[in-house]
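In: starting from these lines, generate the structure:
(chains A and B)
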Amino acid sequence: MPGDGEAAVEVAGLVRRFGAVEAVRGIEFAVRPGEIFGFLGPNGAGKSTTINMLCTLLRPSAGAARVAGFDVVRERDEVRRNIGLVFQDPTLDGYLTGEQNLRFHAELYGVPRSALPERMRQVLEMVRLWDKRGDRVQTYSGGMKRRLEIARGLLHSPRVLFLDEPTVGLDPQTRASIWEYIRELRAAEQITIFMTTHYMDEAEYCDRIAIMDSGSIVALDTPEALKAGVGKDRVQIRTDDDQAAIAALAERFDLAATVAEGAVTFSVESGEAFVPRLFAELGMPIRSVSVSRPSLDDVFMSFTGTTIRDAEGSASDWMRMAMRGRR
Amino acid sequence: MKRADDAVERAGDAAERDGDATERAGEAAGRDDGAERAGSAAGGHDAVKGADAVTATERDGARAPQAGPVARVAVPERSLAHDLRAVKIVLHRELIRYWRDRMRMVSGLVQPVLWLLVMGTGLSNLMTAGRGASGGAHVDLKTFIFPGVCAMTVMFTAMFSAGSIVWDREFGFLREMLVAPVSRSSIVVGKCVGGAAVATLQGAVILALAGLAGIPYDPVLLLELLGLMFLGAFALTGFGVMMAARIKSMQSFFGLMQMAMMPMMFLSGALYPLAGLPVWLAVLTRFNPLTYAVDPLRQAVFSHLTLTPELRRTFDPGVTWGGWRVPVGLEIVLVVLMGLALMGVAIMEFRRSE
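Out: Down below sits the predicted model:
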């Protein structure tokens, strides 16, 4: 089988332009087989454009990409046979039952008929929809639909599963259960999972994440390493006189503090070790203190200078609109 | 004069149908929404159960992850057999959806029944009055317009089926088809044949009314009509799919369809014989593709009636090109060629749009 052992996804100098706009600006990365690889960034950062190029839905303007060992332009059909797709927007036929949707997919992908019943049962049981297989998809909840799409994406045993915002628009509990499926899946199917998300907390589940901003990859590493890279912990203290506290922090510790969320907030390396010094040397009463480790939000902030929520919307809702129009 | 009045009335009717179609579309969308909302309301509940189930499997062991014997399937190389499977499933889906959508079946019947029974009966009165006492044997107007009504039914159903591509695009399902490792042609062929099959089924329902129009239920005739309807429907679905490849919104699709279909219908000889027309009208009708789909239907019907040659000449004059009567065989060939050509264009458009 071609591609065994080499990278599941390999991207070099990938560019995509829409008219004068460069949505993806020459990105490079490789995804190892069996990895859960997260693509993180605000809407409009170029995640979906990248995923569409990797799925052969969009031709790159420049550069090359190989998925499961095949070139996305020259060996399009091979790529398509070896990938599973779960899109951001649902692509199910509500008039058909869950089983009929899967059968449609199986026929389109040419899954051998003899193997189909067993495989169908397996993927449906994995997402716990076996009992619902005879119901029309119209009657499914949002979470069930997404699970059915995941089952469908797996039906033809792809080597790479692309999940474009698999949990967007779902309630927290459903999101959590989708993640359970994804992790279980990786163990059961020896599959590489490539996903995009703009939920920072979900990125923690990934083996490695790439942070994308305005068409470029600004960081790529394990979540832990990225967080460690930010270094500083966030300390928040409550005092009776915030202004005096800020002045004292600047004077005695040379720290720039601001008031955020109603507390005096500043960043410092190894925050827990700093707390005793703070009490000893600040010279004014402290009512409470909290220290938090850097989150991926802080990571995102440190690389892009903005929080993912602030970056959203402004950046380019129009880009998403443009994408919708295009497909 | 009479004819003009008629036309106006028909146009009004058409506009109404247009409204209807949009409304129906809107309703369908609304229904979907509702289901979704109801779904997400139930969703929380479901998710809790889902999460429970997950933890349960996790608890009962390390067994699940690596041990679970995965039935891996191998997806074959692209081949003709594979493409044929794709054609079949796309077609099959059209049939399932048609079967599921009883409303569409029923609402598709209203218009032809109105034409046949109400207009047919009403105008027959006029005709017999105009004829005076002179005529003994005559052709009932219902009998005359029956083939036209069949053609109309098939035409509207075929267009509606083709429109489902726009629908699929809006609901994302088109994407599921376009990312599959099959050729675009197999998807377009499946859509065209599927649309034609659905339209023929709807036509078959109209055929059941043949008795009301004084047409015998001769199995040979019925088979002939079904076959002819299928070919006509195929050409029209091809036309619809070609349009749907470019048009992204349901509203503009049906607007355009209406714009194309009404003139096609009026100029097709579905509702009046194509002999003795003023030159401008005669020329227009000869350029109308639908003309060649309607005429074989009428000839098939009239060949199974017992009529004087004179009456047959009046009501079933056929299509002439400068005095030469176009044989049915050529008409059928024209329709099939047109269907294939339109489908070819549709395939090209879908290939290009990737």
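
In: correct me, but B:F160 touches B:R104?
Out: Yes: with contact defined as C-beta atoms under 8 Å, B:F160 reaches B:R104; the gap is 7.3 Å. C-beta: built from backbone N, CA, C; applies to glycine.

In: now what about the helix or strand encompassing A:V24, what contacts it?
Out: Assessed by DSSP states H and E, A:V24 sits inside strand A:21-31. Strand A:21-31 has contacts (C-beta atoms under 8 Å, 6 or more residues apart in numbering or on different chains) with A:7-17, A:37, A:46, A:49-50, A:53, A:60, A:62-63, A:160, A:192, A:194, A:208, A:210, A:212, A:214-217, A:220, A:319.

In: go through the residues you listed and flag which are in strands.
Out: Residues of these located in strands (DSSP state E): A:9-17, A:37, A:62-63, A:160, A:192, A:194, A:208, A:210, A:212, A:216-217, A:220.

In: give the buried residues for stretch B:236-248.
Out: B:L236, B:T237, B:G238, B:F239, B:G240, B:V241, B:M242, B:M243, B:A244, B:A245, B:I247 (16 or more other C-beta atoms under 10 Å in any protein chain shown).

In: TSV for those residues, including secondary structure and pLDDT?
Out: Below are the buried residues of stretch B:236-248 laid out as TSV (DSSP: H, G, I helix; E, B strand; the rest coil; pLDDT from 0 to 100):
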residue	secondary structure	pLDDT
B:L236	helix	93
B:T237	helix	94
B:G238	helix	94
B:F239	helix	92
B:G240	helix	92
B:V241	helix	93
B:M242	helix	92
B:M243	helix	90
B:A244	helix	90
B:A245	helix	89
B:I247	coil	87
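
In: can I get the residues you listed in TSV including distance to chain A?
Out: Formatted as TSV, the buried residues of stretch B:236-248 follow (distance: C-beta to the nearest C-beta, whole Å):
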residue	distance to chain A
B:L236	23
B:T237	19
B:G238	21
B:F239	24
B:G240	19
B:V241	18
B:M242	19
B:M243	18
B:A244	15
B:A245	13
B:I247	13
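
In: assumed B:S268 was part of a strand.
Out: No: assessed with DSSP: H, G, I helix; E, B strand; the rest coil, B:S268 is coil; it does not lie in a strand.

In: any idea how far the closest residue to it other than its chain neighbours lies from A:T56?
Out: Spatial nearest neighbour of B:S268, chain neighbours left out: B:L290 (3.9 Å); criterion: C-beta to C-beta, 6 or more residues apart in numbering or on different chains. For B:L290, the distance to A:T56 (C-beta to C-beta, to the nearest Å) stands at 39 Å.

In: so the two - more neighbours on which side?
Out: B:L290 (27 against 24; other C-beta atoms under 10 Å in any protein chain shown).

In: near chain A, which residues of the stretch 201-350 of chain B are found?
Out: B:K248 (C-beta under 8 Å from any C-beta of the partner chain).

In: in the stretch 201-350 of chain B, what residue comes closest to chain A?
Out: B:K248 (7.3 Å; C-beta to the nearest C-beta).

In: how about that residue, secondary structure?
Out: B:K248 is classified as coil under three-state DSSP.

In: can I assume it is in contact with B:D168?
Out: No: using C-beta under 8 Å, B:K248 is not in contact with B:D168; the gap is 11.6 Å.

In: got the buried residues for stretch A:246-255?
Out: A:I246, A:A248, A:L249, A:F253, A:L255.

In: same question for stretch A:115-128.
Out: For stretch A:115-128, by 16+ other C-beta under 10 Å, it's A:L116, A:R119, A:M120, A:Q122, A:V123, A:L124, A:M126, A:V127, A:R128.

In: so who does the third one touch?
Out: What it means is A:M120. Per C-beta under 8 Å, 6+ apart, neighbours of A:M120: A:E99, A:L102, A:R103, A:A106, A:L155.

In: please, which helix or strand holds A:P294?
Out: Per DSSP H and E: nothing holds A:P294, as it lies in no helix or strand.

In: now do the one 4 residues further on
Out: Take DSSP H and E as the rule and A:D298 turns out to sit in helix A:296-304.

In: gap between that helix and the chain center?
Out: 14 Å (C-alpha atoms, centre = their mean, to the nearest Å).

In: can you say which of the ones in strands among the contacts of strand A:21-31 are buried?
Out: The buried subset of these - by 16+ other C-beta under 10 Å - is A:9-11, A:14-16, A:37, A:63, A:160, A:192, A:194, A:208, A:210, A:212, A:217, A:220.

In: of the residues you listed, which are in range of chain B?
Out: Okay, of these, nothing touches chain B (C-beta under 8 Å from any C-beta).

In: list just the nearest of the residues you listed to chain B.
Out: For those, the nearest to chain B is A:V160 (13.3 Å; C-beta to the nearest C-beta).

In: quick check: that closest one touching A:G69?
Out: No: counting by C-beta under 8 Å, A:V160 does not reach A:G69; the two are 10.0 Å apart.

In: show me where the stretch 201-327 of chain A dips below the pLDDT cut-off.
Out: For the stretch 201-327 of chain A, the stretches with pLDDT under 70 are A:305-327.

In: helices of that one, residue ranges please.
Out: For the stretch 201-327 of chain A, the helices defined by DSSP state H, counting those that start in this stretch occupy A:223-230, A:242-253, A:271-281, A:296-304, A:308-311, A:317-326.

In: which residues touch residue 169?
Out: I went with chain A, as the question did not name one. A:G169 touches A:G142, counting by C-beta under 8 Å, 6+ apart.

In: oops, chain B please
Out: B:R175, B:K248.

In: and what about it, helix, strand or coil?
Out: helix.

In: quick check: buried residues in the strand holding A:V24?
Out: Those would be A:E22, A:A23, A:V24, A:R25, A:G26, A:I27, A:F29, A:V31, for strand A:21-31 by 16+ other C-beta under 10 Å.

In: after the helix or strand bottoming out on mean pLDDT in chain B, heading C-terminal, what element do we hit next?
Out: Lowest mean confidence among the helices and strands of chain B (mean pLDDT, DSSP states H and E): helix B:63-67, at a mean of 36. Next helix or strand after helix B:63-67 toward the C-terminus (DSSP H and E): helix B:80-100.

In: which secondary structure elements does the following helix or strand past that next one sit against?
Out: Following helix B:80-100 in sequence order, the next helix or strand is helix B:102-113 (DSSP H and E). The contact analysis (3 or more C-beta pairs under 8 Å, 6 or more residues apart in numbering or on different chains; DSSP states H and E) places helix B:102-113 against helix B:2-59, helix B:141-170, helix B:184-207.

In: hey, least reliable of those helices by pLDDT?
Out: When the helices and strands packed on helix B:102-113 are compared on mean pLDDT, helix B:2-59 scores lowest, with a mean of 42.

In: buried sites along the longest helix belonging to chain A?
Out: In chain A, with assignment by DSSP state H, the single longest helix is helix A:172-189. Going by neighbour count (16+ other C-beta under 10 Å), the buried part of helix A:172-189 is A:173-182, A:184-186, A:188-189.

In: neighbours of A:R133, how many?
Out: 18.

In: report pLDDT for it.
Out: Predicted confidence (pLDDT) for A:R133: 93.

In: do A:R76 as well
Out: 89.

In: one more: the one 3 residues further on?
Out: Predicted confidence (pLDDT) at A:V79: the value is 93.

In: returning to what we had before: show me which of the buried residues of stretch A:246-255 is closest to chain B.
Out: A:L255 (42.5 Å).

In: check contacts around the residue sitting nearest the centre point of chain B.
Out: Nearest to the mean C-alpha position of chain B, counting by C-alpha atoms, centre = their mean, stands B:A158 at 1.4 Å. By C-beta under 8 Å, 6+ apart, the contact list for B:A158 reads B:G195, B:A196, B:V198, B:A199, B:G232, B:A233, B:F234, B:L236, B:T237, B:G240.

In: now do the buried residues in the strand or helix carrying B:T285.
Out: Using DSSP H and E, the element containing B:T285 is helix B:279-287. For helix B:279-287, burial by neighbour count (16+ other C-beta under 10 Å) applies to B:T285, B:R286.

In: below-threshold pLDDT in the stretch 251-354 of chain B: ranges please.
Out: Looking at the stretch 251-354 of chain B by pLDDT under 70, you get B:354.
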